[in-house]
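*Asks:* what follows is a predicted structure for the sequence shown.
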Amino acid sequence: MSDDSQRPIIIKRIKKGHGGAHGGAWKIAYADFVTAMMAFFLLMWLLSSATKATLMGIADFFKTPLKVALSGGSGTGDATSPIKGGGKDLTRSVGQVQMADQPDIKRTIILQGGAAAKPEIQEQKSEEEKKRLNDLKQKIEKLIESNPTLKQFKKQILLDITRDGLRIQIVDEKNRPMFDIGSAHLKDYTKVILDEIGKVLNDVPNRVTLSGHTDATPYSGGETGYSNWELSSDRANASRRELVKAGMDETKILRVVGLASAIQFDKQDPYNPINRRISIIVMNKQAEEAALQESAAAPSPPPEAPSGTASPDKNVAPADKH
């Protein structure tokens, strides 16, 4: 026998691998996917809970991110930046944002440099003011209903909310005028109406304007220089005196004007008695600021004449008002 027949037979078994699917690579990919999804849902939650002003701030940041980074911005570590935030010393109040107790407010200010909170505060104050004026309107309406004297003039007291505030209009009726004909002398019942209104106007801090209106009928003494313009101004001022006499704070009055027949209540009939009226507007903050700015922009009055020099108006005879 040969030597080959004496050798033992060796069988080698090779174990084949189960492939890459049973390795650990898929776990890393799955973990990345779960992390991305978590970040996505977290982003969606933050966007849904953010205010409109905050979203605008985020959009502005991504429009010019390099500009914000170069100019300082929040979180850049520059405490002297015009946009407050960042810095190393968190105990400082200059250039820092310290609102740990109010994280939502802090987030809004950081994202928008503190400018986002202002419109929200203004909107809140505007809503509070609207409510205050509506409450005043309801209070006057209840006063009219509960006061027998005022109730009979209910049709002559018109209340509405305008863009400038609460408007209170006291209008004439054909057989019940507020003033003597062609005069600024108040009727007794008109004084009662103004007295009651004047008492409740102190309940709100808003300033007040008064305007007098006439119909289109020309004033009988117009040729002497006294016209519906002067008449409406005198009637508005007479109403102001009565309101103050009733107890309204005089400092609340911001403007008293006469508009003659320039603004008609009944535009179809300029001679309608309802066009003769006194309009009292309890102004909202926006209208008050506009009126103050307009007054501030008005030119300064001319200097007074030197001592000993007669003023041109001193020799003019007063107008005949009849």
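*Replies:* Cool, the structure landed.
*Asks:* mean confidence for the longest helix that the chain contains?
*Replies:* In the chain, with assignment by DSSP state H, the single longest helix is helix 117-146. The predicted model assigns helix 117-146 a mean pLDDT of 80.
*Asks:* mind listing what's buried along it?
*Replies:* In terms of neighbour count (16 or more other C-beta atoms under 10 Å), helix 117-146 has its buried residues at 129, 132-133, 136-137, 140, 143-144. For every residue, glycine as well, the C-beta is placed using N, CA and C.
*Asks:* packing partners for that helix?
*Replies:* helix 52-63, helix 103-112, helix 148-151, strand 157-162, strand 165-171, helix 188-200, helix 285-297 (3 or more C-beta pairs under 8 Å, 6 or more residues apart in numbering; DSSP states H and E).
*Asks:* any chance of JSON lines for the ones you listed, columns distance to S232 and mean neighbour count?
*Replies:* Listed next are the helices and strands packed on helix 117-146 as JSON lines, based on distance: least, C-beta to C-beta, whole Å; neighbours: other C-beta atoms under 10 Å:
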{"stretch": "helix 52-63", "distance to S232": "45", "mean neighbour count": "14"}
{"stretch": "helix 103-112", "distance to S232": "49", "mean neighbour count": "17"}
{"stretch": "helix 148-151", "distance to S232": "24", "mean neighbour count": "13"}
{"stretch": "strand 157-162", "distance to S232": "18", "mean neighbour count": "14"}
{"stretch": "strand 165-171", "distance to S232": "13", "mean neighbour count": "22"}
{"stretch": "helix 188-200", "distance to S232": "15", "mean neighbour count": "18"}
{"stretch": "helix 285-297", "distance to S232": "19", "mean neighbour count": "12"}
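*Asks:* of all the ones you listed, which lies closest to I274?
*Replies:* strand 165-171 (4.8 Å; C-beta to C-beta).
*Asks:* quick one: strands adjacent to the closest one?
*Replies:* strand 157-162 (antiparallel), strand 277-283 (antiparallel) (DSSP bridges).
*Asks:* could you tell me the angle between the first one and helix 188-200?
*Replies:* Same thing as strand 157-162. 40 degrees (axes from the mean of the first three to the mean of the last three C-alpha atoms, to 10 degrees).
*Asks:* what average pLDDT does strand 157-162 get?
*Replies:* 90.
*Asks:* report the angle between it and helix 285-297.
*Replies:* Going by the same axes, to 10 degrees, strand 157-162 makes 90 degrees with helix 285-297.
*Asks:* now the angle between helix 117-146 and strand 157-162, please.
*Replies:* Using the same axes, to 10 degrees: strand 157-162 against helix 117-146 is 170 degrees.
*Asks:* got the contact list for strand 157-162?
*Replies:* With C-beta atoms under 8 Å, 6 or more residues apart in numbering as the contact definition, strand 157-162 has outside contacts at 130, 133-134, 137, 140-141, 144, 150, 166-171, 193, 281.
*Asks:* and which of these is nearest L46?
*Replies:* Distances from L46 to those, taken by C-beta to C-beta, are shortest for K130, at 31.6 Å.
*Asks:* what sits against the closest one?
*Replies:* Counting by C-beta under 8 Å, 6+ apart, K130 has contacts 161, 284.
*Asks:* ok, now how distant is it from T51?
*Replies:* K130 sits at a distance of 20 Å from T51 (criterion: C-beta to C-beta, to the nearest Å).
*Asks:* then L292?
*Replies:* With C-beta to C-beta as the criterion, L292 and T51 are 30 Å apart.
*Asks:* again with L158
*Replies:* 39 Å.
*Asks:* apart from its chain neighbours, what residue comes closest to D266?
*Replies:* Nearest non-adjacent residue to D266, counting by C-beta to C-beta, 6 or more residues apart in numbering: N272, 4.1 Å away.
*Asks:* could you do K139 as well?
*Replies:* Nearest non-adjacent residue to K139 (C-beta to C-beta, 6+ apart): V200, at 6.0 Å.
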